[in-house]
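**Student:** Give me coordinates for this.
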Amino acid sequence: MDSPDPHEPVVVLSTSSDSEMAIAKSMLQAGDVPFATRGELTADLFGVGRIGGGSMIIGPMEILVAPRDADFAREILKDLREAEHTS
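**Tutor:** Now for the predicted structure:
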């Protein structure tokens, strides 16, 4: 098994919730964690728009960070993920 590429971005959140995505981005910004998103606006390009966030065509929205920031980002987002599972 190959080890992960140390330069390849790591997905730390995958969601179909617009509100969860917005909160997660805010939390990472507050923690000074650089990130990128995937799938947020792409669904609009297919002419179907976002259906509850994400898209049936392209899948959920994701937040990606550098591998060196992944553990810290997951720690920041831990409370968000736990709140989602208790709702």
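
**Student:** Please count neighbours and contacts with C-alpha atoms only from this point.
**Tutor:** OK.

**Student:** Wait, a helix at I63?
**Tutor:** No - I63: not assigned to a helix; according to DSSP: H, G, I helix; E, B strand; the rest coil it is strand.

**Student:** Report the spatially nearest residue to it, omitting neighbours in sequence.
**Tutor:** Spatial nearest neighbour of I63, excluding adjacent residues (Cα to Cα, 6 or more residues apart in numbering): T37 at 4.6 Å.

**Student:** The one you found against E62, yeah?
**Tutor:** Yes - using Cα atoms under 8 Å, T37 is in contact with E62, at 5.6 Å.

**Student:** quick revisit: and the residue nearest to I63, what pLDDT?
**Tutor:** What the model reports as pLDDT for T37 is 94.

**Student:** So for T37 and E62, which sits in the more crowded spot?
**Tutor:** The residue with more neighbours, out of T37 and E62, is E62; 19 against 16, by other Cα atoms under 10 Å.

**Student:** Against F72, how distant is the more buried one?
**Tutor:** Distance, E62 to F72, using Cα to Cα, to the nearest Å: 17 Å.

**Student:** so what's the backbone phi/psi at the residue nearest to I63?
**Tutor:** Note on T37: backbone dihedrals following degrees, to the nearest 10 are phi -120, psi 160.

**Student:** now swap in G39 and tell me
**Tutor:** Backbone torsions of G39, given as degrees, to the nearest 10, read phi 90, psi 0.

**Student:** Show me where this protein has its helices.
**Tutor:** For the chain, applying DSSP state H gives helices covering 18-30, 42-45, 70-86.

**Student:** show me where pLDDT drops low in the protein?
**Tutor:** Within the chain, the stretches with pLDDT under 70 are 1-4, 42-58, 83-87.

**Student:** Residue nearest the middle of it, spatially speaking?
**Tutor:** Centroid-nearest residue in the chain: I63, 2.5 Å away (criterion: Cα atoms, centre = their mean).

**Student:** what's near enough to touch that residue?
**Tutor:** By Cα atoms under 8 Å, 6 or more residues apart in numbering, I63 lies in contact with V11, V12, L13, S14, K25, F35, A36, T37, R38.
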